[in-house]
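> quick one, structure for this:
(chains A and B)
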Amino acid sequence: GQQLNQSPQSMFIQEGEDVSMNCTSSSIFNTWLWYKQEPGEGPVLLIALYKAGELTSNGRLTAQFGITRKDSFLNISASIPSDVGIYFCAGLGTGGTSYGKLTFGQGTILTVHP
Amino acid sequence: DAGVIQSPRHEVTEMGQEVTLRCKPISGHNSLFWYRQTMMRGLELLIYFNNNVPIDDSGMPEDRFSAKMPNASFSTLKIQPSEPRDSAVYFCASSLVGSYNEQFFGPGTRLTVL
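Presented below is the predicted three-dimensional model:
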């Protein structure tokens, strides 16, 4: 089945630093999504990417859809303590048995020290 | 506006007992998804419904798991009999049919099977 490899698994950074995480897939996706999950809550959508090569920003967050459609990255600039959480990439299946189904990466645990 | 509502938020039960998890999707949404989150396997899609009809249940782990959606505003995930390896956080998410990239997740039910 489809698999997403997300790295790094965890990051410990100082407030104000920039953060970068990425996701690679063994399969092509036509939509890449980035979610954030905070303790005791469900994932919340941060950014959606729909076209290969697309670069999209949402405040201090920037994400790109890789040209090969098999990878994506997420950058967070000037991190703040409330950025703490688990960040997930997800690919949305569009055909065959994967239609409508989200495949999630393993997550990146982000800790920000004040 | 109310988001996806799940109950209970926490459930502790003994092996062999029946467990029923409940979900109320966002009003107007007609796709509903059940996910399971564990440390070992991450976030996995179990089953999803469109217009109350199960579309894909290939992620349901065993016959002990069953899901129903009797109407547009209610769904259940039942485990009978429960086993310790079923311990996980179970999330429900909803979206509009076709807008699977815009799934809104509930807060989850943390299930512990002793």
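> averaged pLDDT, the helix or strand hosting B:Leu111. What do you get?
Element membership for B:Leu111 (DSSP states H and E) is strand B:109-113. The average pLDDT within strand B:109-113 is 98.
> quick one, strands of chain A?
A:4-7, A:10-14, A:19-25, A:31-37, A:44-49, A:55-58, A:61-65, A:71-76, A:85-92, A:102-104, A:108-113 (DSSP state E).
> the second one and chain B in contact?
No. Strand A:10-14 stays clear of chain B (C-beta under 8 Å from any C-beta of the partner chain), getting no nearer than 12.8 Å. C-beta: built from backbone N, CA, C; applies to glycine.
> quick revisit: which of the residues in the strand holding B:Leu111 are buried?
By 16 or more other C-beta atoms under 10 Å in any protein chain shown, the buried positions in strand B:109-113 come out as B:Thr109, B:Arg110, B:Leu111, B:Val113.
> show me what that strand is packed against.
Strand B:109-113 sits against strand B:10-13, strand B:19-24, strand B:88-95, with contacts defined as 3 or more C-beta pairs under 8 Å, 6 or more residues apart in numbering or on different chains; DSSP states H and E.
> who wins for proximity to B:Ser75 among those?
strand B:19-24 (4.6 Å; C-beta to C-beta).
> so after the closest one, what's the next helix or strand?
Using DSSP H and E, the helix or strand that follows strand B:19-24 in sequence is strand B:31-38.
> which helix or strand in chain A has the lowest average pLDDT?
Lowest on mean pLDDT, DSSP states H and E among the helices and strands of chain A sits strand A:102-104, with a mean of 91.
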